[in-house]
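Student: Need a 3D model of the following:
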Amino acid sequence: MTTQNTPEDTAVQLRTRLRKMRAELPEDQRSRGGLLMRARLFTWLNVARDEAVRAGRPAPATVAAFWPMADEPDLRPLLQQWVDGGVAVALPVVRERNAPLAFLPWTPDAALRAGPYGIQEPVHGPELLPDVVLVPTLGYTEQGDRLGYGGGYYDRSLAALRDRGHPFIAIGIAWSCGELDAGYEPAAHDFRLDAVLTQDGWVPQAPLEQGGPSGTSLHSYRMN
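Tutor: Predicted coordinates for the structure are as follows:
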């Protein structure tokens, strides 16, 4: 199911429609979809790490994930798997409004508190530079354009990582009902993602080589 972006359909109205569609997903589809996304991410990161080692590159070691809000895909069981497997997991922290996010380490026993928007955030720990950023995504295009919630936090955060010269991969996490029509026009400040993962698979394909948004060439493969 796709949505139209017309001059009469403002960003606020579009977000409202997408939120409604997402909230109406049946619970069994939500549960199965979350399981499929976690499995695909687990497999993808293993492949990406193995490929990096074979190519003599540093393997992705730190993943910035997110604590789910209502109706968002729940990746938390995967986060514990990653920590158990030696992958460093970070969660976003809002330290200042209208500024980039900080990413602090998370483990299953980490102390958390509600941030300014009611989302759980780590209380302590050094700021990490993630190799992979999982981005909560409300709407998306086949080219990886993202419609978020309107605060601009991830656009600022991804741009800040790029400006620091830190190579990373940005992957949107979305329900497939958030697909936007081909005529959707992103705003000038919107940061294009390397890929989007939905319960139906990768859009347009799964990124393989680390470093897309910072300017490094990106090799991709299909893994639906």
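Student: hey, where'd the strands end up in the chain?
Tutor: Per DSSP state E, the chain carries strands over the ranges 62-64, 88-93, 102-106, 112-114, 120-122, 132-136, 139-140, 146-147, 169-173, 195-198, 201-203, 206-207, 220-221.
Student: who wins for proximity to E51 among those?
Tutor: Closest of these to E51 is strand 220-221, at 9.1 Å (criterion: C-beta to C-beta). Using the backbone N, CA and C atoms, a C-beta is placed for each residue, glycine as well.
Student: What mean pLDDT does that closest one get?
Tutor: Strand 220-221 carries an average pLDDT of 34.
Student: Ok, stretch 128-139 next?
Tutor: Mean predicted lDDT for stretch 128-139 stands at 97.
Student: so how far is that stretch from its chain's centroid?
Tutor: Here stretch 128-139 is found 4 Å from its chain centre; the criterion is C-alpha atoms, centre = their mean, to the nearest Å.
Student: Stretch 70-85 now?
Tutor: With C-alpha atoms, centre = their mean, you get 12 Å for stretch 70-85.
Student: deepest of the strands of the chain, which one?
Tutor: Per-stretch averages of neighbours, counted by mean count of other C-beta atoms under 10 Å, single out strand 139-140 among the strands of the chain, with a mean of 28.
Student: Distance of the one residue sitting closest to the centre of the chain relative to L197?
Tutor: The structure's the chain has its C-alpha centroid closest to V135; by C-alpha atoms, centre = their mean the separation is 1.9 Å. In this view, V135 and L197 are 10 Å apart by C-beta to C-beta, to the nearest Å.
Student: shared neighbours, the two?
Tutor: Residues touching both V135 and L197 (C-beta atoms under 8 Å, 6 or more residues apart in numbering): 171-173.
Student: still on that earlier bit, tell me who's in contact with the residue nearest to the centre of the chain.
Tutor: 66, 146, 148, 154, 158, 170-173, 193.
Student: Please apply the same query to E24.
Tutor: Neighbours of E24 in contact, by C-beta under 8 Å, 6+ apart: none.
Student: pLDDT score for it?
Tutor: At E24, pLDDT is 97.
Student: Kindly report the same for the one 4 residues further on.
Tutor: D28 is assigned 96 on the pLDDT scale.
Student: Of the contacts of V135, which is the nearest to R30?
Tutor: Among those, and counting by C-beta to C-beta, the member closest to R30 is I173, at 13.2 Å.
Student: My guess is the closest one contacts L193. True?
Tutor: No: I173 lies out of contact with L193 (C-beta atoms under 8 Å); the separation is 9.9 Å.
Student: what sits in contact with each of these two?
Tutor: 135, 137.
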